[in-house]
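Student: no sequence on this one, just coordinates:
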């Protein structure tokens, strides 16, 4: 979903510390990383792959269709525009601290070209066992029937690891990013989960601030697949920005209570503590979905 | 970063938005002088908070003596919990109508959003929705002149007022883009009895992530001393009013950690996201910062991704050795990248660590309750 075995990746900012490290991590996971780019560093090699000056060259020589961007914030807009211009279908922007006006410009250009943007300030996207585009620790995941969509990185690792530990694998895990303006949103990802044959249930990992969870709740009312949720920020005082640009209760909007109420009204079971997601999923996962083990545990869907 | 009203107005004026004549003053004598030059004035406290009018932060004076007297009352006082160091002494306006106009980043729409209302001058949240005009702007094309006319028309503004409004809105949009603003707001935009429109107030919040490219703007420090120190060190830190200090990595998990502490009956003292692959030194600095507020217990909750567990362990040990013990109960939960190395370092120095977040949270709440403020050198806890 969104990415799979056919995804051919170029890493932008491949010669930096993070870019180099995660290019190799992605390769090790089995992601088809084809090339890297770094302006002025064309001709070098990383992880046995060629480094080019431009995305255009990487696209020409390797038919790449997705990019993961590790370029520092000041150059992230330029890098994203370059990837969109080169005709790539999916652009994952890992970079933190991208100015919000740059993010709005990136989204405007992506809309014109019909490109899917993940992030900025995202851990990326992983379809366990197939491919990962991003910085998530591979050990937290296993293939399975649960789709996870999260605003936050580490919190979603925590929840994915709890699921994996309990034998519940994941179909696809998407990090939306912690910034106020990001590409993919909850509704768009949930729609894809609803259509995705490999996803049987969804986990929404939200947090205070903005209205993304409330909008998701409206969409969930029309979904057939069960959704469980965890929302961070119950104890957060208004007016304080909790790390993420979006995570702030402003003018009474985006409160924890409002989000939980909206989600529950849409039939979503909301966990009080992150690890309760495992139990709630057990309650909602269809037990007779055609898998030998019943409720879609790892091993039953792992072979596909 | 929030700018003070007078700073916002300076930026507005540079972009051709009319503002009332005014002076920024720090003494009562300066206020008197300003009044002598300007005539009848409003004295407005410069604080980074709304609602100052209702809180008594705006006074009026017709003569220099009155201005001196009012300034004496305001300078050094507290308005909405904030100390008043500066006043904007500004020409008093003869008001005919008050309009609200602002532009914000609409996260859901991923575009700039113009918000306007002819019910200006009051808190925009209290204005009925039917009196508010909202218009998304495509940043690729900007705010076209037809759009400003359209918005003026929807506000039922006519003739010269509509023309002045449209011109100011176009300029405000340029301010919004040029300063990387998260929010620009004029409330109220005043139609004076002489028919001239002027920005009577101004708010400008600049995106912190864009500050590196804005040496053109003044630097405004917000928050408590420790919050400022943390920001300088590149940490995301928010002060809370509890007694359990928290260090975690990643904004989401840090928020969740605070929630879980509260769930078990504890009170978190802070939000501190030490994630993003910070090294030993910055993390040690972060721990020092937390300890400087004398919490009753410390919870370190790390799920290492980019953050390496051995770095976290080294940071803790560094601080403990420097201070001859941490001097309070410390509960550590450490899993993820380089976990084994991290746990080995901790064990060597007599710290134990938990694998489950749940267990760690329960433990730290108990420890804070037990320590009750009387700490000293209890060696069990280092």
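Tutor: It's in. Model, not experiment: these values are computed from the prediction.
Student: Can you report how many residues lie near residue A:48?
Tutor: 8 (other CB atoms under 10 Å in any protein chain shown). Using the backbone N, CA and C atoms, a C-beta is placed for each residue, glycine as well.
Student: Also residue A:138?
Tutor: Count around residue A:138 with other CB under 10 Å applied: 14.
Student: tell me the phi and psi of it?
Tutor: phi -60, psi -30 (degrees, to the nearest 10).
Student: dump the residue contacts of it.
Tutor: Taking CB atoms under 8 Å, 6 or more residues apart in numbering or on different chains, we find residue A:138 in contact with A:25, A:28, A:29, A:126, A:132.
Student: Just the buried subset of these, please.
Tutor: With neighbours counted by 16 or more other CB atoms under 10 Å in any protein chain shown, the contacts of residue A:138 contain buried members at A:25, A:29, A:126, A:132.
Student: For the most far-flung residue of chain A relative to its centre, which non-adjacent residue is spatially closest?
Tutor: Distance from the centre of chain A peaks at residue A:43, with 31.2 Å (CA atoms, centre = their mean). Distances taken as CB to CB, 6 or more residues apart in numbering or on different chains put residue A:51 closest to residue A:43, at 7.0 Å, once the chain neighbours are dropped.
Student: Mind telling me what element that neighbour is part of?
Tutor: Using DSSP states H and E, residue A:51 sits within strand A:49-52.
Student: so what strands line up beside that strand?
Tutor: strand A:32-37 (parallel), strand A:45-46 (antiparallel) (DSSP bridges).
Student: Buried deepest among those strands, which one?
Tutor: strand A:32-37 (a mean of 26; mean count of other CB atoms under 10 Å in any protein chain shown).
Student: can you list the weak-confidence ranges in the chain?
Tutor: If you meant another chain, say so; for now it's chain A. A:288-304 (pLDDT under 70).
Student: that's the other chain; I wanted chain B
Tutor: In chain B, residues with pLDDT under 70: B:276-277, B:372-382.
Student: need the helices for it, in chain order.
Tutor: Ranges of helices in chain B, per DSSP state H, are B:5-14, B:28-38, B:64-74, B:145-154, B:159-178, B:225-232, B:251-263, B:280-291, B:309-323, B:339-348, B:357-371.
Student: How far off centre is the third one?
Tutor: A distance of 30 Å separates the C-alpha centroid of helix B:64-74 from that of its chain, computed with CA atoms, centre = their mean, to the nearest Å.
Student: how does the chain divide up, domain by domain?
Tutor: You didn't pick a chain, so chain A it is. For chain A, automatic domain parsing gives the domain ranges A:8-118, A:136-284.
Student: Chain B is the one I meant
Tutor: Per automatic domain parsing, the domain ranges recorded for chain B read B:21-91, B:95-213, B:225-370.
Student: Quick one: end-to-end length of the first one, please.
Tutor: Using CA to CA, to the nearest Å, the end-to-end distance of domain B:21-91 comes to 6 Å.
Student: what do you get for stretch A:176-196?
Tutor: 18 Å.
Student: now, the most widely separated pair of the contacts of residue A:138?
Tutor: Comparing every pair within the contacts of residue A:138 by CB to CB identifies A:28 and A:126 as the most remote, at 13.3 Å.
Student: mind listing what the residue nearest to residue A:43 touches?
Tutor: A:14, A:15, A:35, A:36, A:37, A:38, A:41, A:42, A:43, A:44, A:45.
Student: mind checking which of the domains of chain B is nearest residue A:96?
Tutor: domain B:225-370 (6.6 Å).
Student: what are the ranges of the strands in the stretch 101-250 of chain A?
Tutor: A:116-118, A:124-127, A:131-134, A:143-150, A:170-175, A:201-207, A:227-232 (DSSP state E, counting those that start in this stretch).
Student: Chain B is nearest to which of those strands?
Tutor: Each of those has some distance to chain B by CB to the nearest CB; the shortest is strand A:227-232, at 4.0 Å.
Student: Which neighbours in the sheet does the closest one have, and how are they oriented?
Tutor: strand A:201-207 (parallel), strand A:269-271 (parallel).
Student: Give me the residues contacting that strand.
Tutor: Contacts of strand A:227-232 (CB under 8 Å, 6+ apart): A:152, A:155, A:159, A:190, A:201-208, A:213, A:220, A:256, A:259-260, A:263, A:266-271, A:273-274, A:276-277, A:280-281, A:284, B:252-253, B:255-256, B:259.
Student: now the angle from it to helix B:251-263?
Tutor: With axes from the mean of the first three to the mean of the last three CA atoms, to 10 degrees applied, the angle from strand A:227-232 to helix B:251-263 works out at 80 degrees.
Student: Please state the offset of strand A:227-232 from the chain centre?
Tutor: 15 Å.
Student: And the next helix or strand past it?
Tutor: Where DSSP H and E defines the elements, the next helix or strand beyond strand A:227-232 is helix A:256-265.
Student: what's that next one packed up against?
Tutor: strand A:201-207, helix A:212-220, strand A:227-232, strand A:269-271 (3 or more CB pairs under 8 Å, 6 or more residues apart in numbering or on different chains; DSSP states H and E).
Student: and the second one, what does it pack onto?
Tutor: Helix A:212-220 is packed against helix A:186-195, strand A:201-207, strand A:227-232, helix A:256-265, with contacts defined by 3+ CB pairs under 8 Å, 6+ apart.
Student: how near is the residue of the stretch 1-150 of chain A found nearest chain B to residue B:222?
Tutor: Nearest residue of the stretch 1-150 of chain A to chain B (CB to the nearest CB) works out as residue A:99 at 3.8 Å. Separation of residue A:99 from residue B:222 (CB to CB, to the nearest Å): 19 Å.
Student: Of these two, which one has the most company?
Tutor: Counted by other CB under 10 Å, residue A:99 and residue B:222 do not tie: residue A:99 has more neighbours, with 25 against 10.
Student: didn't that one look like it was pressed against residue B:206?
Tutor: No - contact criterion CB atoms under 8 Å: residue A:99 and residue B:206 do not qualify, at 9.8 Å.
Student: anything in contact with each of the two?
Tutor: residue B:180.
Student: picking up where we left off before, rebuild the strands of the stretch 101-250 of chain A as a markdown table, extending it with distance to residue B:120.
Tutor: A markdown table is the format used below for these (distance: least, CB to CB, whole Å):
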| stretch | distance to residue B:120 |
| --- | --- |
| strand A:116-118 | 37 |
| strand A:124-127 | 44 |
| strand A:131-134 | 46 |
| strand A:143-150 | 40 |
| strand A:170-175 | 41 |
| strand A:201-207 | 33 |
| strand A:227-232 | 35 |
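Student: Quick check: the gap between the residue lying closest to residue B:279 once chain neighbours are set aside and chain A.
Tutor: Residue nearest to residue B:279 in three dimensions, not counting chain neighbours: residue B:311, with 6.0 Å by CB to CB, 6+ apart. When distance is defined by CB to the nearest CB, to the nearest Å, residue B:311 is 15 Å away from chain A.
Student: OK, contacts around residue B:311?
Tutor: Applying CB under 8 Å, 6+ apart, the residues near residue B:311 are B:278, B:279, B:280, B:283, B:338, B:342.
Student: ok, 10 Å please
Tutor: Residues near residue B:311 by CB atoms under 10 Å, 6 or more residues apart in numbering or on different chains: B:274, B:277-284, B:302, B:304, B:337-338, B:341-342, B:345.
Student: Can you give me the neighbour number for residue A:156?
Tutor: If we define neighbours as other CB under 10 Å, then residue A:156 has 27 of them.
Student: tally of neighbours for residue 200?
Tutor: Since you didn't name a chain, this refers to chain A. When neighbours are counted by other CB under 10 Å, residue A:200 registers 24.
Student: looking at chain B here, not the other one
Tutor: If we define neighbours as other CB under 10 Å, then residue B:200 has 25 of them.
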